[in-house]
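Undergrad: Provided below are the primary sequence and the corresponding predicted coordinates.
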Amino acid sequence: MKTIVVENVEFSYNRENALENVSFSVNEGDFVAVMGPNGSGKTTLLKLILGLLKPKSGKIKVFNLDPWENREKIQNYIGFMPQKEHISSNFPILVKDVVLLGRAARKRFSKLTKEDEKKAKEALMAVGLENYWLKKFNELSGGQQQRVLLARALAVDPKILLLDEPFNGVDIPSQDKIIEVMDKLAKKGVTILMVVHNINPLLHHINKVILLNRKLIAFGPPSEVLTAERMVETYGSSIPIVVCEEGYAHPLFGDTHG
Amino acid sequence: MDSILQPYIIRSILAILLIAVNASVAGSFTVFRNVSFLVAGASHAALAGAALAIVLTIYGIFNLDPIVGGAIFAVFVALSAGYAARDEGINTAIAISFAMSMSLAVLFISIIREYAARVWGLLMGDLFLLTDHDLTLMAISTLFVLIVAMLFYREFLFVSFDMEGALAFGINASIVNYLLLTIIAVSVVVMLKGVGAILVYAMFVAPAAAANEVARKISDVFILAFVIAALSGFFGILVSFYAEVSPGAIAALMASLTYFLSVAFKKIK
Ligand SMILES: Nc1ncnc2c1ncn2[C@@H]1O[C@H](COP(=O)(O)OP(=O)(O)OP(=O)(O)O)[C@@H](O)[C@H]1O
Ligand SMILES: [Mg+2]
């Protein structure tokens, strides 16, 4: 089943187009990496799917609904993790409070239950922070804060996960652990769109890649999309592609010496 | 020596309790949402509003209680700052509204020269001159603030924590944001009569800011802010009963001192 359909979408904040000519569709259980340089429209794309922005032209459907017109409805299916360099909460909000915010937002005026707590704890477990339940959020490290925000997105039992650079400042073992969790969710039918700069840790788990640079450069399985020419087209400089023993094409950003 | 339980003392104690509730509820959210400057903006807007109400009443155009006029202006400033800024630049927007309402206040006061003393009353405030009518208005406004804060507690927290996330999780963040700014403005006006526009900032922000430094969870902030505001207020009343000084000034001084003490306490700990 198609969960997200984007057709010929164009969007601009002011005069210049931030996105144009973007078309793709993803299915239930797709695990998609979204790549592109800074300012290429990755965050904008996620916000369009969330119904926070209205396309200038073109069509978006999330579960067959126009997100701009059915924001409340479609947001019930989506877990979102915003791109944050650092959250400047200056008050003693606890990790558990943060994780529960997402679930609480959907309950309107009804009380939080044991079930909510259970889901929140499971989500923290998934990001490896189960022992931080009662810690103050603003006393965590940047990477730990990122993981708490990821847990907030996971805790709402989403059918679609939209994650905007979830691995900023997250150490490699935690990344790997989180990717395992995503893998399992995708296999259970959750659709995942994840904005990343380094795709390598994900490569063996994703089944689609979106290359973006204001226009959609390419969309499809990683082996087809990640070619040397496409990388030049996306990033404006050549990025070598190395095929690993298991046959996956890995773009080598920066670390070309080895 | 007179007993301390004079009617005007009892009224001032009741007023302090109401003020402490506002300092706790709205004060804490002011600190969480990081808009403490709004308190200064709203209180000066309230002055302009009160002055306008007096102008309208004097010229027989419209009979308006100065405090109600003040509340309308304060809420208006809060909402327009929220509208102009949406998110990040809110302090700049408040600063501009602040400047505008001060100009209006001076303009209106210059029209009503001989009655200006009534506006100065709001500038300085006086806990000992409160009437039953004042107290009733304060109680009603406090109730309004309390009910809204309880109903929208989680939404207010979410918006204060991260606006973008709140929007994405289905919260109507702009309405919630306006509501939050509104209760802050209403709370400011509640305090105005008691402690005056000059001191409202200290009584409003200092208790919550002090509590915020030492609290280990959110509920602690609300409880501690209430305690700090109430104790500072009672101390102000006690001192001024025996010495001829403004109770509001002593209270505001105590509240601000508590802030510095709690910062120091946190450093040592
Ligand atoms: N709120 C905004 N107002 C005006 N322009 C904006 C706004 N947000 C983004 N833009 C512009 O739109 C373009 C796309 O921005 P977007 O945030 O989607 O990029 P991105 O791919 O997520 O970049 P990054 O890798 O830095 O996160 C950029 O040129 C940016 O300057
Ligand atoms: Mg981005």
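TA: Looks like it arrived, so ask away. Ligands and ions are numbered 1, 2, ... in the order given.

Undergrad: which residue sits closest to the residue in the stretch 51-200 of chain B that ligand 2 sits nearest to, ignoring its sequence neighbours?
TA: Closest contact between the stretch 51-200 of chain B and ligand 2, by Cβ to the ion, is at B:E164 (11.4 Å). For glycine as for every other residue, the C-beta is placed from the backbone atoms N, C-alpha and C. Using Cβ to Cβ, 6 or more residues apart in numbering or on different chains and skipping residues adjacent in sequence, the residue nearest B:E164 is A:P82, 4.7 Å away.

Undergrad: what do you get for B:L38?
TA: B:I94 (5.2 Å).

Undergrad: What is the burial count for the one you found?
TA: 27 (other Cβ atoms under 10 Å in any protein chain shown).

Undergrad: Now stretch A:156-163: buried residues?
TA: A:V156, A:P158, A:K159, A:I160, A:L161, A:L162, A:L163 (16 or more other Cβ atoms under 10 Å in any protein chain shown).

Undergrad: Format those residues as TSV; extra columns: distance to ligand 2, secondary structure and pLDDT.
TA: Formatted as TSV, these follow (distance: Cβ to the ion, whole Å; DSSP: H, G, I helix; E, B strand; the rest coil; pLDDT from 0 to 100):
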residue	distance to ligand 2	secondary structure	pLDDT
A:V156	22	coil	95
A:P158	20	coil	96
A:K159	23	coil	96
A:I160	18	strand	97
A:L161	16	strand	97
A:L162	12	strand	97
A:L163	11	strand	96
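
Undergrad: helix, strand or coil for the residue of the stretch 51-200 of chain B closest to ligand 2?
TA: Here B:E164 is recorded as helix under DSSP: H, G, I helix; E, B strand; the rest coil.

Undergrad: quick one, strands of chain B?
TA: For chain B, no strands are identified by DSSP state E.

Undergrad: Nearest to ligand 2: which residue in the stretch 1-150 of chain A?
TA: A:T43 (3.2 Å).

Undergrad: Could you give the number of residues near that residue?
TA: Neighbours of A:T43 using other Cβ under 10 Å come to 18.

Undergrad: How about the contacts made by it?
TA: Residues in contact with A:T43 (Cβ atoms under 8 Å, 6 or more residues apart in numbering or on different chains) are A:Q83, A:D164, A:V195.

Undergrad: which one of the residues you listed sits closest to chain B?
TA: A:Q83 (8.7 Å; Cβ to the nearest Cβ).

Undergrad: ok so that closest one is a helix residue?
TA: No - counting by three-state DSSP, A:Q83 is not part of a helix but coil.

Undergrad: right, and the helix or strand after the helix or strand encompassing A:E117?
TA: If you go by DSSP states H and E, A:E117 is part of helix A:114-126. Counting by DSSP H and E, the next helix or strand C-terminal to helix A:114-126 is helix A:142-154.

Undergrad: Nearest to the middle of the chain, which residue? Look it up for me.
TA: In the absence of a named chain, this looks at chain A. A:L163 (1.9 Å; Cα atoms, centre = their mean).

Undergrad: Not quite, go with chain B.
TA: Taking Cα atoms, centre = their mean, chain B has its central residue at B:V188, 2.2 Å away.

Undergrad: on that earlier part again, closest one of the contacts of A:T43 to ligand 1?
TA: Ligand 1 has its nearest neighbour among the contacts of A:T43 in A:Q83, at 5.5 Å by Cβ to the nearest ligand atom.

Undergrad: number of nearby residues for the residue nearest to A:S238 when sequence neighbours are not counted?
TA: Excluding the flanking residues, the one nearest A:S238 by Cβ to Cβ, 6+ apart is A:V232, at 5.3 Å. Burial measure for A:V232: 13 neighbouring residues, criterion other Cβ under 10 Å.

Undergrad: And the pLDDT at A:V232?
TA: If you check A:V232, the pLDDT there is 87.

Undergrad: which SS state does it fall under?
TA: Taking three-state DSSP, the label given to A:V232 is helix.

Undergrad: The longest helix along chain B close to chain A?
TA: In chain B, taking DSSP state H as the definition, the longest helix is helix B:173-214. Yes - for helix B:173-214, a contact with chain A is found by Cβ under 8 Å from any Cβ of the partner chain, at B:N212.

Undergrad: Helix, strand, or coil at A:S174?
TA: helix.

Undergrad: from memory B:N177 sits against B:L79, does it?
TA: No - counting by Cβ atoms under 8 Å, B:N177 stays clear of B:L79, with 9.7 Å between them.

Undergrad: okay, the two: which has more neighbours?
TA: Using other Cβ under 10 Å, the more surrounded residue of B:N177 and B:L79 is B:N177, with 26 against 17.

Undergrad: Let me see the contact set for that one.
TA: So B:N177 contacts B:G82, B:V159, B:M163 (Cβ under 8 Å, 6+ apart).

Undergrad: if I read this right, B:F144 contacts B:V189, doesn't it?
TA: No - in this structure, B:F144 is not within contact of B:V189 by Cβ under 8 Å, at 11.1 Å.

Undergrad: more crowded one of those two?
TA: B:V189 (30 against 15).

Undergrad: For the closest residue to that one other than its chain neighbours, the count of nearby residues, please.
TA: Leaving aside its sequence neighbours, B:V189 sits nearest to B:A71 (Cβ to Cβ, 6+ apart; 4.5 Å). B:A71 has 25 neighbours, counted by other Cβ under 10 Å.

Undergrad: Could you measure from B:A71 over to A:E139?
TA: In this view, B:A71 and A:E139 are 39 Å apart by Cβ to Cβ, to the nearest Å.

Undergrad: which residues sit in contact with the closest residue in space to A:Y132 that isn't next to it in sequence?
TA: Of all residues not flanking A:Y132 in the chain, A:V95 sits nearest, at 4.7 Å (Cβ to Cβ, 6+ apart). Applying Cβ under 8 Å, 6+ apart to A:V95 gives the contacts A:L124, A:L129, A:Y132, A:W133, A:L134, A:K135, A:K136, A:F137, A:L140, A:V148.

Undergrad: what residue ranges in chain B score low on pLDDT?
TA: B:1-2, B:85-89 (pLDDT under 70).

Undergrad: which bits of it sit near ligand 1?
TA: With the criterion set to Cβ under 6 Å from any ligand atom, chain B never comes near ligand 1.

Undergrad: And the helices in chain B?
TA: Using DSSP H, helices in chain B cover B:7-33, B:36-58, B:66-85, B:90-111, B:116-124, B:132-151, B:153-161, B:163-168, B:173-214, B:218-242, B:247-268.

Undergrad: and the shortest one, what does it pack onto?
TA: This means helix B:163-168. strand A:78-81, helix A:95-106, helix B:153-161, helix B:173-214 (3 or more Cβ pairs under 8 Å, 6 or more residues apart in numbering or on different chains; DSSP states H and E).

Undergrad: Now tell me what touches that helix from outside.
TA: Taking Cβ under 8 Å, 6+ apart as the rule, helix B:163-168 contacts A:50, A:52, A:75, A:78, A:80, A:82, A:101-102, A:105, A:149, A:152, B:87, B:155, B:158-159, B:173, B:176-177.

Undergrad: Buried among these? Make that a ChimeraX selection.
TA: Typed into ChimeraX, the line below selects the buried ones among the contacts of helix B:163-168, using 16+ other Cβ under 10 Å:
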select /A:50,52,75,78,80,82,101,102,105,149,152 /B:155,158,159,173,176,177
